[in-house]
Every structure is written in structure tokens, then in C-alpha cells.
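Asks: give me a model of this one.
(one chain, ligands or ions: 1)
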Amino acid sequence: MRLLLSSSYRLREKGSKSHHKNGSVALPSTLSWMMERKHRMNILITGGAGFIGANLCRFLLEQHKAERVIAVDSFHSYYDPAIKRKRMALLEKLPGFCLVETDILDTAAMSQLMEKEKPDAIIHLAAIPGVRGSLDDPLGYVDVDVKGTVQMLELARKYGIARIVAASSSSVYGERAVDRSFCESEPDLNPISPYAASKAAAELFCRTYTQLYGMHVTALRFFTVYGPGQRPDMAISKFVKSIMEDKPITVFDLQSVRDYTYVDDIVRGIWAAVQQANGWQVYNLGSGHPVSLLELVRLLEQTTGKSAHMQRQGAQPGDVSGTWANTEQARERLGWSAEVSLPDGLRRYVEWWLRQ
Ligand SMILES: NC(=O)c1ccc[n+]([C@@H]2O[C@H](COP(=O)([O-])OP(=O)(O)OC[C@H]3O[C@@H](n4cnc5c(N)ncnc54)[C@H](O)[C@@H]3O)[C@@H](O)[C@H]2O)c1
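Replies: Reported below is the predicted structural model:
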């Protein structure tokens, strides 16, 4: 099913949640919330047409985790919207899936959607992603990545949606020595791009809303996510395409390291966070095994059976020299850890790429 929301969209039902005097909603504890679930859930996913969002929608529907999945997306032009429409065309074949094409910043449309759908949980992934674009358009990133997050928190508060899981990023840690893994409790976040600063600001708003209104909000710091359907602007997508087409790849700092995380692991982690939500939480979702850019290129050569022709350039402003997830908290509290190794994930990605 597909809806295009506008101000003429009609309401069908009114919400029935009880409200506190300060306007906030009475929220059940995690345990009672889970025990009260007599039906499978109605999950609203912002950014549902995106790379992670579309993989998450498929996971929830195919694994029967949710009865109904409502993907909200504006088809932002950060990369070709045709890629997002292709993902949606595949998902629209699945029962229980609904696409709502609207901008999350459209308060009237989003309010109508909340009243009608009364989702049990919101998974907020909508954002303008990517570090480098944020140097050219910092205000655009603030609008979507910060204001959009506050919009979803406000809607959740007003419509009594008990829990929100919001996408954050490893980039909030910023530039630091990669001699040990990064813990969620690091006192000094050091973002070095407007994108990273926007994600850090969005996290602060999430924490503020849990304190003000007793909501359950979890921020997940994703570490470089890759896999089938990956965004075309990301290194692995660009490298595989160029290597397969015998074209040169542009590499920046070959010694820089990234903690690459397979998208199936990420969607499992998101779902674990929805189930375990409890006040303010923040978790790293990463593989915990950082590799250098040079190692990544060598692995891609092995996976594709082809040689990479590297064209070197200097490190780019906004790019950190390394990321490395400490995942102890996610393991202890969510029972989550990454399962797909980088060689295995790259093989699956290349197989997917060849089928396209
Ligand atoms: N992919 C990664 O490696 C990675 C790493 C860290 C964090 N994240 C975060 O995870 C989330 C998903 O990332 P992704 O890689 O799937 O990116 P993506 O660009 O594929 O998905 C984001 C989606 O949000 C939509 N969107 C943007 N602005 C919107 C708006 N105003 N209203 C409604 N929809 C809007 C876009 O159209 C897009 O489909 C983002 O919040 C991103 O910052 C991603």
C-alpha cells in the first residue's frame, strides 16, 4: 500500500492514550509493555526507503516480528531517488507493508499519520547521511538530522508512542587515537563534521526527552554499515563497482581504519533495541574489528578475483582517521553482537551486486 500525505489527508480514528498533567503520556515499563502485546506490532520507520531502512522493513516482515510496517520517506535527492523507489517496489509485494511518502518535517502530515496509525514504536532512521556533503550544506543537515529528530520526539510525546530507537553514528566520537575501542561512556565526544555534530546534537535531544517526559529513547551508534542495497556514495559500493568495471578507485588515507558492520547485524541490533528499550540508552552497533583501508582493498581484490587500480589522494576534511566499536554494552544489555565477518559480508555484497 502507498500513501502520499498532504493536508487534505483525512483522519479515521482518534488516539486513546492517557496523558499526564504536563502533557506527556503515561508510558508502560518495558516488561509490562512486552507482556501487554497481544498483537504483533505496528512499527513506523522513518527513512524506510533508505539502505538500512529497507533492509529493516524486510527483516521485520519476513521474520514476522511486526504485523505492520509503515515506512515514511521523502525520497531525498542526496543520492538517486530511483534507487529508493526500486527498494520500495520490492517491499510493496510483502503483506503488512505500507509506504508513506512525506517529509518528516511536515508536522500536519506526520500528525495525521500518527493519529491514524498509532504505532507501537518508532524507528527513526531518516537523515541526510554522509560526512563530506555536510561540509557543503551544514544547515540542510541541521534541518533534517537535528530538527527531524526533535520532530519525531515531539510526535512520540504527543501521541503516546512508548518507545523510539534513533540512528546515531560512530562519527560522534570524532577524531581520537584508535589505540583502544570506543565506549559509549566516553566523556568527550569530538565531532569534526557538521554531520557528526548533528548526530551528537540529536542524541542530546533524545536524552533530554527521556528526562523530561519519561520516554524510552535509545540512540544506536552505527559503525560503517555495508551490505546489499548499500548507498552508492559509500566506499565499498564505489570500490566494487569500479573494480568490476576495471576502473581506478580513489583512495584517501590508506592507513585509516573503519569498523565495517554488515547490515543484517545492524537490523537485528535495531530490533533488539526496540524490545529492550528502557529510559535513555545509547549503544554502539559495530563489528568490533577495525580494518585499514588498504586491508579493505586487498579483501575486495580477493573477493572479486580482480586487481584494484588505486589513485591516491590526501585525507579529506571531516573524515576521522579511525573508528572501533566497543560492543560490551550491546552484548550485555541487548544480547547483541555482530555475526557476519568482513570477508563473508563482502562475498555476500559482491554476489548481490552481480545479481543486479
Ligand atoms: N550507512 C551507514 O554506514 C551509517 C552509519 C552511521 C549512521 N547511519 C545513519 O543511519 C540512518 C540510515 O542511513 P542509510 O545509510 O540507510 O542512509 P539512506 O540515505 O539510505 O537513508 C536515509 C533515508 O532518509 C530519507 N530522508 C531524508 N530526509 C528525510 C525527510 N526530511 N523526511 C523523510 N525522509 C527523509 C532519505 O530519502 C533516505 O531514504 C541515517 O540516520 C544515518 O545517518 C548510517
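
Asks: number of nearby residues for residue 202?
Replies: For residue 202, the number of neighbouring residues by other C-beta atoms under 10 Å comes to 27. Where C-beta positions appear, they are placed from N, C-alpha and C, glycine not excepted.

Asks: going forward, begin numbering at 37 instead of 1
Replies: Right, with 37 as the first residue, what we last looked at is residue 238.

Asks: the strand or helix carrying it vs the ligand: in contact?
Replies: Element membership of residue 238 [criterion: DSSP states H and E] is helix 230-249. No: in terms of C-beta under 6 Å from any ligand atom, no part of helix 230-249 sits within range of the ligand; the closest distance is 6.5 Å.

Asks: just the C-alphas of that helix, formatted as PDB.
Replies: Included here for helix 230-249 are C-alpha records, laid out as PDB according to Å, rounded to 0.1, in the frame of the first residue of the first chain:
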ATOM      1  CA  PRO A 230      28.500  19.100  10.700                       C
ATOM      2  CA  TYR A 231      27.100  15.600  10.100                       C
ATOM      3  CA  ALA A 232      28.700  14.200  13.200                       C
ATOM      4  CA  ALA A 233      27.800  17.300  15.200                       C
ATOM      5  CA  SER A 234      24.200  17.000  14.100                       C
ATOM      6  CA  LYS A 235      24.100  13.400  15.200                       C
ATOM      7  CA  ALA A 236      25.600  14.300  18.600                       C
ATOM      8  CA  ALA A 237      23.000  17.100  19.000                       C
ATOM      9  CA  ALA A 238      20.200  14.700  18.100                       C
ATOM     10  CA  GLU A 239      21.400  12.300  20.800                       C
ATOM     11  CA  LEU A 240      21.300  15.100  23.300                       C
ATOM     12  CA  PHE A 241      17.700  15.800  22.400                       C
ATOM     13  CA  CYS A 242      16.800  12.100  22.800                       C
ATOM     14  CA  ARG A 243      18.300  12.100  26.300                       C
ATOM     15  CA  THR A 244      16.500  15.300  27.200                       C
ATOM     16  CA  TYR A 245      13.100  13.900  26.200                       C
ATOM     17  CA  THR A 246      13.600  10.800  28.300                       C
ATOM     18  CA  GLN A 247      14.400  13.000  31.300                       C
ATOM     19  CA  LEU A 248      11.600  15.500  30.700                       C
ATOM     20  CA  TYR A 249       8.800  13.000  29.700                       C
END
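
Asks: ok, the very next helix or strand once past it near the ligand or not?
Replies: Per DSSP H and E, the first helix or strand lying C-terminal to helix 230-249 is strand 252-258. Yes: Strand 252-258 reaches the ligand (C-beta under 6 Å from any ligand atom) through residue 258.

Asks: C-terminal to strand 252-258, what's the next element?
Replies: Downstream of strand 252-258, the next assigned helix or strand under DSSP H and E is strand 261-262.

Asks: list the buried ones in whichever helix or strand comes after that following strand?
Replies: Using DSSP H and E, the next helix or strand after strand 261-262 towards the C-terminus is helix 271-280. Going by neighbour count (16 or more other C-beta atoms under 10 Å), the buried part of helix 271-280 is 271-276, 278-279.

Asks: what of stretch 139-158?
Replies: Using 16+ other C-beta under 10 Å as the test for burial, stretch 139-158 gives 139-140, 142, 145-158.

Asks: residues near the residue in the stretch 287-392 of the chain positioned nearest to the ligand, how many?
Replies: For the stretch 287-392 of the chain and the ligand, the shortest gap (C-beta to the nearest ligand atom) falls at residue 297, measuring 7.7 Å. Neighbourhood size, residue 297 [other C-beta under 10 Å]: 29.

Asks: cool, residue 124 as well?
Replies: Residue 124 has 20 nearby residues by other C-beta under 10 Å.

Asks: contacting residues for whichever residue of the stretch 37-186 of the chain sits closest to the ligand?
Replies: Closest residue of the stretch 37-186 of the chain to the ligand, C-beta to the nearest ligand atom: residue 86 (1.9 Å). By C-beta atoms under 8 Å, 6 or more residues apart in numbering, residue 86 lies in contact with 109, 120, 161-162, 165, 267.

Asks: buried residues in stretch 357-365?
Replies: Within stretch 357-365, the residues scored as buried using 16+ other C-beta under 10 Å are 358-363, 365.

Asks: so can I have TSV of these showing distance to the ligand and pLDDT?
Replies: Converted to TSV, the buried residues of stretch 357-365 look like this (distance: C-beta to the nearest ligand atom, whole Å; pLDDT from 0 to 100):
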residue	distance to the ligand	pLDDT
358	15	96
359	10	97
360	14	97
361	11	98
362	16	98
363	15	98
365	17	98
